[in-house]
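A.B. asks: Pasted the sequence and its predicted model underneath.
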Amino acid sequence: MSRFERGLRGAFFAALVSLLLWPLLSVAAALWPGMRPLERAVAYWFDLHCHRDPSRTPLLLGIPLGVCARCSGIYFGLGLGAALRWPKLSPNGLRFWVLGGAALMLADITVERHGVHGSWMGARLFTGLLLGYPVGVAVGAALRRSTDLASAQRP
């Protein structure tokens, strides 16, 4: 594997792990104005997929995160899963975990919509984390395996 390829894979891995921090950019930008251009750039991405409803957005230090609780959980899970790459998941284990996480998320959405309970920030954050984490583990592990395989095949 060339030095360029190793660097590219390392950059991709760092970007994947950095997802853990993306929801926190709004807090960083409020505390350090130099972060505002980065926060605005990421906010455009967030606008594509998150409703960003203030009543469903967690606060940190009194500052709203960049996305709602459920999306924050997904980002935290993706980044944390990629960083830890644990547990080692078989394809069936990954399917089971992702389907279970999605089922719990859909159950939470359904009972909330039917008025069984209100908008529970903790449940939203947890179901997002539960769905994002195994995907982060799988993508992080796959990237690691591909790097190891390419290094092993080098003459």
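C.D. replies: Noted; the coordinates are in hand.
A.B. asks: Could you tell me the per-residue confidence at A152?
C.D. replies: For A152, the model assigns a pLDDT of 68.
A.B. asks: Report the buried residues of the lengthiest helix in the chain.
C.D. replies: When the chain is scanned for its longest helix (criterion: DSSP state H), the result is helix 121-152. By 16 or more other C-beta atoms under 10 Å, the buried positions in helix 121-152 come out as 121, 123-141, 143, 147. No exception for glycine: its C-beta is placed from N, CA and C like everyone else's.
A.B. asks: Just the strands from this structure, written as ranges.
C.D. replies: 59-60, 63-64 (DSSP state E).
A.B. asks: Let me have these in JSON lines, extended by mean neighbour count and distance to D108.
C.D. replies: Output for these, formatted as JSON lines (neighbours: other C-beta atoms under 10 Å; distance: least, C-beta to C-beta, whole Å):
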{"stretch": "strand 59-60", "mean neighbour count": "12", "distance to D108": "20"}
{"stretch": "strand 63-64", "mean neighbour count": "16", "distance to D108": "21"}
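A.B. asks: Quick one: those as TSV, columns for mean pLDDT and distance to D47 too.
C.D. replies: Shown next, in TSV, are the strands of the chain (pLDDT from 0 to 100; distance: least, C-beta to C-beta, whole Å):
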stretch	mean pLDDT	distance to D47
strand 59-60	97	20
strand 63-64	98	14
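A.B. asks: now those as JSON lines including distance to L106?
C.D. replies: Formatted as JSON lines, the strands of the chain follow (distance: least, C-beta to C-beta, whole Å):
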{"stretch": "strand 59-60", "distance to L106": "26"}
{"stretch": "strand 63-64", "distance to L106": "25"}
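A.B. asks: Looking at these, which is nearest to L94?
C.D. replies: Closest to L94 of the strands of the chain is strand 59-60 (C-beta to C-beta; 30.4 Å).
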